[in-house]
Every structure is written in C-alpha cells, then in structure tokens.
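K.L.:
3D model of this:
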Amino acid sequence: MLISQLSRIVKDLGRPRIALVGDLMLDEYVWGDVKRISPEAPIPVLRVGRREIRPGGAGSVAVNLARLEADTHVFSVTGNDRAGDRVLSVLEDGGCDISGVIRDPGRPTTLKARHMGYVQHSHRAVQQMLRVDEEELSPVSSELTDELLEKIFSGDEAWDAILVSDYGKGLLTERLMEGIRERGGAVPVLVDPARVSDYSSYRGASLICPNRFEAELASEIPCQEIEGCRSAAAQLLEELDLGSVVVTMDRDGMFLDEGKGGQSHFPTRASVVADVTGAGDMVLAVLGISAAAGNSAESGVQLANVAAGLVVRQFGVVAVSREELLDEIRNQGNPAAGKIKKLTDLSKVLSAEKQKGKKVVLTNGCFDLLHPGHHHLLNESRRQGDILVVAVNSDSSIRRLKGEGRPRIEENDRIKMLAGLEAVDYVLLFEEDTPQGLIEELLPDVLVKGGDYKEDVVVGRDCVESNGGRMVFVDRLPGLSTTELLAESDAEMANGGGESA
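P.N.:
Numbering: from 1, shown residues only. Just a heads-up that it's a prediction; the model follows:
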C-alpha cells in the first residue's frame, strides 16, 4: 500500500466507539539494589528503592486505544481491592470509560509483582529476581457474566467494534463469548486469544490474532517457519468459521489469511528489536480501531505492523499515538527516523532504559555544518555510556544566539543528519536558548561538552552532578569549529573563490 494511502487511513480513523472486554491486571515493578546475601537463607537481599505500576492484560490494550483517540469503554471484573483501585485509576486517568467494570469482593484483581535488582549499586546490570502473582483463575460466575453482558449491550449507542483480550484469567467464558456473538449483531468482533488449545469459544469472530506460539498450540501445526504459520492460519479460519486470522510472527512480521480474500505476508517493520513486551496488545488495539473505522483487515494489519515496529524498538510497554504512526509511515525506509523524539516521549523511553541498567549520555549544540570535529565529539561522547542523546538548538534559538545568517542548515536537515550517525541513539530539538529544562527532565548520567567550555559555567552541570552524574569535557580538534569553517568559506567566496571557471 502506498504511503499516501496508509497516511490517509490514519487521518480518517475518526473517534470510533469501542467496547473492550478482557482480563484486567496490575503490573507492579519493585526496583532496588542488591548488595548482600541474606543471613537467613542463601538468597539475595533486595533493598527497595522505588515502585512502579502499569495496567496489564486488557488494561494495556485500553491504554493503547485511548492513546489512538478511540472512545474506549472497558468491560471486565476485578476485585474490590487496592490493586483494582489502582488499575482502574490509571485507566480513567488515561481517558478510558470504566463504568462497565464490575467489582467482585470475592475475587482478587490479578496482580503481578516483579522484583528487579540492580547489582552492586552500579545500576549497570539489572535482573528480575522474583515474580509474585496474585490471581483467581476459576471462571467468573454466570450471574456476573450476565450482568456484564447487560452492561455491554444496554446502551442506546451501537459499538463500532468489540475487542476481546483473553489472558485466560476466567473472564472470557463460553457463556460470555456466546452472548457477545448473539447480541453483537453485525458489529466486528476481534479477539486476541488466550494461550489455550481449544479455540471453540471464539467461533464466528470477525478476526483473531494469535502469536505463532498460540497458533501452534491451537492448530497443532509447527509455526517456527512462515509456511507453518500459513497452514495454521488456514486451518483455524476454516474450522472456526472466522472472518480473518492474523498470526503475529515477531521477527518475521505478520501473516494474514482472509479466506477467499487471500493470504498475505507482511515482513516486520522493525530494524532493531529492543523489547517485544506489549506488542501484542498494540496489535489488537490498532486492528480494532482500524476495523471500527470501516477499513479492511489488510489495511489494519499494515497499520498494526507499523505500530508494532515502533513498540519493539523501545523498552517496556509503550503506547503509540496517531502522530507517531503518521511519522513512522512517512519515514518508512529510513531507520534513523525513529531516533528523533519529542521531550515527553524521550523522557519515558529513557526512564525505561535506565530501569534496564543503561547509562544515558547527553551532549548539546547547534551542529550547523556537520564536520569531523562534531564526529569526534559524538564518538567520544558515546564511549561514556550506553545511550547517547543529542539535543539540538532550533533555527530560532540559533538566530538569537548567533545572529541572522545562521544556521546555514535548517533544523529538520540537521537533526536528520545527526540521527543517521551510528554513534547517536536519540535526537531532540529544543527552542529555548539553553538546554537547562530538558536536562532537568531527562537527568542524564553523563553530560558532555567540548573542551573549550572548561573555563565556562556549563548549563545543566549542577543538575547532573547533584543527581549523582558526572561532567566530561572532550578536547576540540584544532581548526574544526563551525564558526571557523564558515568564516573561511565566506572569505573564499568574497575573494571570488566561489565563481565558476
């Protein structure tokens, strides 16, 4: 599909009304240092530093839908407990309608607590030490199922799509799925199935999207290779009378079987895979909002493939906006485009990277007329840590600092050139005269400047050092500053050096 067609689909998504039915969970991360072994048993002692909560399961799908600007209504059963309060609070803050969630005092909210330890206080190596699950896997009662169905279908407004996110926690019973089929009418029903061998409850769905491991379990056809995924999709489609089957194949992209509509393979859009967490939830959200807007399954898969490529390039569960989707579509074929970030998005990315034990390095400047001196600075900066962020003055900022006539290279071209360098991991543009605000937001572990700044007050140094970071100066290569090079060029032009022979 042409870039212009895919972009138009995103722009025309509107604000569809979507019912999301699924297992809500709370993911809790407990971060701390590991410095010693317990005297009570041969186990490490985790000294807790901070805690983080995230919506999991169908909650992750809900957050993705809301970020994509869908009118998202969540239907589920949670416990009447603190974990339930916390996950519903996050969803409501994210713009989701949670009035369809039933609180059952006899059933605990699924809680997955992951204990993450930094080794030897270095924050350079992190390991998941333990996961503690609190959950109830027995089927939800028929009374609660009927009550949930009433909530889903009692409204005056019709749904544009119904999404089912099944994590096998007891909510998606045969009774509930049968009720959705019978009362849903012509509304498209899209299912992200549980990892089970029996898919009979999903019979008649408009679309299901198992991953290759789930498809293999349900079909008993090996799915390590694309041909196996093709066969598994065809079998599931025929046996369950489905509209379409989408098999997500991680490194191999996605495979779509539409029956008489044909089969298609869509190679992965991600050139670098950092973390696959949350990719499946994003796929269901994008397939759902696309179907709700009236698009074909093929269009939905192409959009989902773009979104999944964005998600797996970043650490942790990351929701993708329409603007980010459009940027990714416009820049397809340019792997460096994903390095260019806005401050709010980069802050989230770096927070997740730090949780993995990565050390963040930041340097800043105008980078007008990129030259070997810049390459020297950037390569030396990259050696100071794991992730290099380059903050770049905007055109208006440079004009205020250096006067009219600068910059010679406009901002979009400057950041694209920097993003194309192997040493650079992320690039962001700032409008202010100094990077003080973004340094306070990002809190890099290392701040790098050219050696000619040693005698000056460096903006952001106090902030970095007061938070345990350090300042590094890189000696400048003689005669290689942008100002000097431009002055030489201007002098040559004034003396006729620029005239044609």
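
K.L.:
Count residues in the vicinity of residue 403, would you?
P.N.:
8 (other Cβ atoms under 10 Å). Where you see a C-beta, it was placed from the backbone N, CA and C, and this is true even at glycine.

K.L.:
State the pLDDT value of it.
P.N.:
Looking at residue 403, its pLDDT stands at 83.

K.L.:
ok, now residue 484?
P.N.:
58.

K.L.:
How about residue 497?
P.N.:
Residue 497 is given a pLDDT of 51.

K.L.:
residue ranges with poor pLDDT in this structure?
P.N.:
By pLDDT under 70, the weakly predicted segments of the chain are 1-2, 119-125, 269-278, 311-318, 332-335, 455, 478-501.

K.L.:
Let me see the domain layout of it.
P.N.:
3-333, 344-494 (automatic domain parsing).

K.L.:
which of those domains sits most buried?
P.N.:
domain 3-333 (a mean of 19; mean count of other Cβ atoms under 10 Å).

K.L.:
I figured residue 86 was touching residue 51, is that so?
P.N.:
No. When contacts are counted by Cβ atoms under 8 Å, residue 86 is not listed as touching residue 51 (10.8 Å).

K.L.:
end to end, how far does stretch 74-93 reach?
P.N.:
Length of stretch 74-93, first residue to last, Cα to Cα, to the nearest Å: 13 Å.

K.L.:
now what about that stretch, what contacts it?
P.N.:
Contacts to stretch 74-93, defined as Cβ atoms under 8 Å, 6 or more residues apart in numbering, come from residues 19-26, 53-56, 58-59, 62-63, 66, 96-98, 100-105, 107-111, 134, 140, 144, 148, 151-152, 171.

K.L.:
Next secondary structure after the helix or strand containing residue 415?
P.N.:
Secondary-structure assignment from DSSP states H and E places residue 415 in helix 411-419. Downstream of helix 411-419, the first helix or strand assigned by DSSP H and E is strand 426-430.

K.L.:
State the next helix or strand along the chain beyond that next one.
P.N.:
Following strand 426-430 in sequence, per DSSP H and E, is helix 436-442.

K.L.:
residues contacting residue 398?
P.N.:
Contact analysis of residue 398 by Cβ under 8 Å, 6+ apart lists 366, 368, 406, 407.

K.L.:
Would you confirm that the first one contacts residue 410?
P.N.:
No. With contact defined as Cβ under 8 Å, residue 366 does not count as touching residue 410 (11.9 Å).

K.L.:
Where do the strands of the stretch 201-350 of the chain begin and end?
P.N.:
207-208, 244-248, 254-257, 263-266 (DSSP state E, counting those that start in this stretch).

K.L.:
Need those in JSON lines (columns: distance to residue 126).
P.N.:
Listed next are the strands of the stretch 201-350 of the chain as JSON lines, based on distance: least, Cβ to Cβ, whole Å:
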{"stretch": "strand 207-208", "distance to residue 126": "35"}
{"stretch": "strand 244-248", "distance to residue 126": "27"}
{"stretch": "strand 254-257", "distance to residue 126": "31"}
{"stretch": "strand 263-266", "distance to residue 126": "34"}
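
K.L.:
which one of those lies closest to residue 222?
P.N.:
Closest to residue 222 of the strands of the stretch 201-350 of the chain is strand 244-248 (Cβ to Cβ; 12.6 Å).

K.L.:
Of the contacts of stretch 74-93, which belong to strands?
P.N.:
19-22, 24-26, 53-56, 97-98, 100-104, 110-111, 134 (DSSP state E).

K.L.:
Assign residue 127 to helix, strand or coil.
P.N.:
Here residue 127 is strand, with the state taken from DSSP: H, G, I helix; E, B strand; the rest coil.

K.L.:
so what's the closest residue to it other than its chain neighbours bridging to?
P.N.:
Once flanking residues are discounted, residue 127 sits nearest to residue 117: 5.7 Å by Cβ to Cβ, 6 or more residues apart in numbering. Here residue 117 sits in beta bridges with residue 32, residue 127, going by DSSP bridges.

K.L.:
any idea how far residue 117 is from residue 111?
P.N.:
Residue 117 sits 20 Å away from residue 111, going by Cβ to Cβ, to the nearest Å.

K.L.:
and what of residue 302?
P.N.:
Shown here: residue 302 relative to residue 111, a distance of 36 Å by Cβ to Cβ.

K.L.:
what does residue 458 give?
P.N.:
Per Cβ to Cβ, residue 458 is found 45 Å from residue 111.

K.L.:
same deal with residue 294?
P.N.:
Using Cβ to Cβ, residue 294 is found at 38 Å from residue 111.

K.L.:
what do you get for residue 101?
P.N.:
16 Å.

K.L.:
Please give me every residue in contact with the residue nearest to residue 476 when sequence neighbours are not counted.
P.N.:
With sequence-adjacent residues excluded and distances taken as Cβ to Cβ, 6+ apart, residue 476 is closest to residue 450, at 4.9 Å. Contacts for residue 450 (Cβ under 8 Å, 6+ apart) come out as 365, 377, 473, 474, 475, 476.

K.L.:
Greatest separation within these: which pair is it?
P.N.:
Top of the distance list for the contacts of residue 450 (Cβ to Cβ): 365 and 475, 15.3 Å.

K.L.:
okay but the residue nearest to residue 127 is in contact with residue 130, surely?
P.N.:
No. If you go by Cβ under 8 Å, residue 117 and residue 130 don't touch, sitting 9.0 Å apart.

K.L.:
ok, residue 195 - contacts?
P.N.:
168, 213, 214, 217.

K.L.:
can you tell me which of these are in helices?
P.N.:
213, 214, 217 (DSSP state H).

K.L.:
tell me which of these is nearest to residue 261?
P.N.:
Of all those, residue 261 sits closest to residue 214, with 22.2 Å by Cβ to Cβ.

K.L.:
Return the residues in contact with the closest one.
P.N.:
Residue 214 neighbours (Cβ under 8 Å, 6+ apart): 193, 194, 195.

K.L.:
With residue 336 instead?
P.N.:
416, 419, 420.

K.L.:
again, only this time at 6 Å
P.N.:
By Cβ atoms under 6 Å, 6 or more residues apart in numbering, the contact list for residue 336 reads 419, 420.

K.L.:
Same check on the one 3 residues further on?
P.N.:
Taking Cβ under 6 Å, 6+ apart as the definition of contact, the neighbours of residue 339 are 419, 426, 427.

K.L.:
how about the nearest residue to it, chain neighbours excluded?
P.N.:
residue 419 (4.2 Å).

K.L.:
which residues touch the one you found?
P.N.:
Per Cβ under 6 Å, 6+ apart, neighbours of residue 419: 336, 339, 340, 427.

K.L.:
now do residue 387
P.N.:
353, 358, 360, 425.

K.L.:
what bridges to the third one?
P.N.:
Going back to what we said before, that points to residue 360. With DSSP bridges as the rule, residue 360 is bridged to residue 387.

K.L.:
circling back to that earlier point, please list all residues in contact with the residue nearest to residue 127.
P.N.:
34, 46, 127, 129 are the contacts of residue 117 under Cβ under 6 Å, 6+ apart.

K.L.:
between those residues, which is closest to residue 3?
P.N.:
residue 127 (41.8 Å).

K.L.:
Thanks a lot, see you next time.
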